[in-house]
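A.B. asks: Quick one: sequence and predicted model below, then my questions.
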Amino acid sequence: MKILNQLQWKKKVKQKMKKQPTKQRTIRPFSKKLKQKKLNNFGIFCLGCAQNEVDSLKINELLSGRGLNYTSLAKANFVIILACSVRQSAIDRIWGKLNLWKNRKKIYIVGCVLATDKQKLEKKYPFLTILATECFFKQIPRLFPKYPPLINRLFCENFENKRHRSRQTPDHAYVPIQFGCDNFCTYCAVPYTRGREKSRPLKNIIQEIIKLIGQSKNHITLLGQNVNSYGLSKKEKQKNIQNLRQLTGDKLLLENEKKSIMHNNTGSFSDLLWKLEKINGLKKLDFLSPNPQDMTSEVINWMATSQKFSGKLNLPLQSGSDKILQKMNRRYSAQQYLALVKKIKRAVPDIELTTDIIVGFPGETKKDFDATFKICQKIKFKNIYIGKYSSRLGTVAEKFFKDDIALKTKKERFEKLNQLPMR
């Protein structure tokens, strides 16, 4: 047997490699195909409400359809941030992350961004692109080139920083039915970031729900910044216009907003619920978040007689003090809220009722907070979502009310409310 020395052996191996057919060669780690995959990764950082979660899913679907690959934020070349302007802490988190991500290929911010925050962010980080969410959807074909589709692309519903709610299960999905808000609560930035109320056409809502049922999503939660104002009547719209007139003396702004508010010709919210009730395959139906002032007897009747109502309702109280409710521009009193809850519980005795509360609103005294605490004790909510008041630039509260409640007091009130026994 012939024994090869080391030099002869290496030569023979090289000759064999040259004779090997091309089709048998495996793709090496630094091939062009894998380089492309690394360059076309995107990540999503989702803050805030369920509407942002729905928008995150849509962005994921649209970008994946263009051949981009969803990945973690640590590896992403493109980062899409869905911002929330309800609290300053959410904007502060974005500021904190931008220094970590500034070497990325591109960063986009969509969702709720106040004009003042937009100016500051763009001045500090010129590489940012900040767009309204709907505008971003329309510009995706221009902003992101189309790449060859990836065979094993990752489609993810659990984005980083996504808030997991107890209601979320594999068979559950959100369906937006209404965007924007005409109520102008003094603490809220939504009318300035999402615009005036617009209701989606019934046909589009039904088509989306049928599609989701085909994907085994048979528990649907209808979404809106003020969900039960869907398709408000002319009389109800006039109330919103009158309220807006009290908040602004700008005649041109008032006229433009009046046109925007009145441009809504859909049916009522209760009509929508009854039509969705008839969809085959739909097992559970509920909605988020309603405004107590727009809760009608027709909607309560649907909850009482529906075969598909999930039995869960979030009804924001915000405060149990009439003085604070008035400063917040919430158009109901504590007694009216209690009467509404009594009516709902009479119609649906086993309902799981949750609420939202803001503690430390400007001017909130111990007496005001005690009024809130007593109402929560009396109603015995299933859960209370508590927020410490945060002044937002551009809102009515920021302009006219001094944030005079110490952070320590806000935390104490938060803890006291949070320790209430739930139903």
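C.D. replies: Received, thanks. Numbering: from 1, shown residues only.
A.B. asks: what about the residue lying closest to residue 410 once chain neighbours are set aside, how many neighbours?
C.D. replies: Closest residue to residue 410 apart from its sequence neighbours, by Cβ to Cβ, 6 or more residues apart in numbering: residue 360 at 3.5 Å. Placement of C-beta: from N, CA and C, glycine included. The number of residues packed near residue 360 is 22, by other Cβ atoms under 10 Å.
A.B. asks: go on, the one 3 residues further on?
C.D. replies: Under the neighbour criterion other Cβ under 10 Å, residue 363 is assigned a count of 14.
A.B. asks: ok, now residue 176?
C.D. replies: Residue 176, neighbours per other Cβ under 10 Å, totals 19.
A.B. asks: Tell me the helix or strand right after the lengthiest strand in the chain.
C.D. replies: The strand that spans the most residues within the chain, counting by DSSP state E, is strand 352-359. Counting by DSSP states H and E, the element after strand 352-359 in chain order, helix or strand, is helix 366-379.
A.B. asks: what residues does that following helix touch?
C.D. replies: Identification of contacts with helix 366-379 by Cβ atoms under 8 Å, 6 or more residues apart in numbering yields 317, 319-321, 323-324, 334, 337-338, 341, 353, 355, 357, 359, 384, 413, 416-417, 420.
A.B. asks: Can I get the buried ones among the residues you listed as something I can paste into ChimeraX?
C.D. replies: This is how ChimeraX selects the buried members of these, with burial counted by 16 or more other Cβ atoms under 10 Å:
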select :317,319,320,321,323,324,334,337,341,353,355,357,359,384,413,417
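A.B. asks: returning to that earlier point: okay, the angle between the longest strand of the chain and helix 366-379?
C.D. replies: 170 degrees (axes from the mean of the first three to the mean of the last three Cα atoms, to 10 degrees).
A.B. asks: Give me the mean pLDDT for strand 352-359.
C.D. replies: Taken as a whole, strand 352-359 carries a mean pLDDT of 96.
A.B. asks: for the stretch 201-350 of the chain, which spans come out with low pLDDT?
C.D. replies: Within the stretch 201-350 of the chain, the stretches with pLDDT under 70 are 232-266.
A.B. asks: what about the helices in it?
C.D. replies: Secondary structure of the stretch 201-350 of the chain (DSSP state H, counting those that start in this stretch): helices located at 202-214, 234-247, 251-262, 269-277, 297-305, 322-328, 334-347.
A.B. asks: try the stretch 51-200 of the chain
C.D. replies: Counting by DSSP H, counting those that start in this stretch, the helices of the stretch 51-200 of the chain are 88-101, 115-124, 133-143, 190-193.
A.B. asks: List the buried residues of the third one.
C.D. replies: By neighbour count with 16+ other Cβ under 10 Å, helix 133-143 contains the buried residues 133, 136.
A.B. asks: got a list of contacts for that helix?
C.D. replies: Helix 133-143 is contacted by residues 55, 58-59, 62-63, 66, 82, 106, 108, 110-111, 129, 131 when judged by Cβ under 8 Å, 6+ apart.
A.B. asks: isn't residue 52 right next to residue 85, touching?
C.D. replies: No: using Cβ atoms under 8 Å, residue 52 is not in contact with residue 85, being 11.0 Å away.
A.B. asks: Now list whatever residues contact both of these two.
C.D. replies: residue 112.
A.B. asks: okay, the two: which has more neighbours?
C.D. replies: Using other Cβ under 10 Å, the more surrounded residue of residue 52 and residue 85 is residue 85, with 26 against 22.
A.B. asks: Domain boundaries for the protein, per the record?
C.D. replies: Annotated domains of the chain cover 35-142, 164-309, 311-423 [automatic domain parsing].
A.B. asks: Need these in a markdown table (columns: distance to residue 148).
C.D. replies: Converted to a markdown table, the domains of the chain look like this (distance: least, Cβ to Cβ, whole Å):
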| stretch | distance to residue 148 |
| --- | --- |
| domain 35-142 | 6 |
| domain 164-309 | 26 |
| domain 311-423 | 44 |
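A.B. asks: Tell me how many other residues surround residue 71.
C.D. replies: 19.
A.B. asks: give me phi/psi at the closest residue to it other than its chain neighbours?
C.D. replies: Once flanking residues are discounted, residue 71 sits nearest to residue 41: 4.2 Å by Cβ to Cβ, 6+ apart. Phi and psi for residue 41, reported as degrees, to the nearest 10, are phi -90, psi 140.
A.B. asks: measure residue 41 to residue 333 for me?
C.D. replies: In this view, residue 41 and residue 333 are 53 Å apart by Cβ to Cβ, to the nearest Å.
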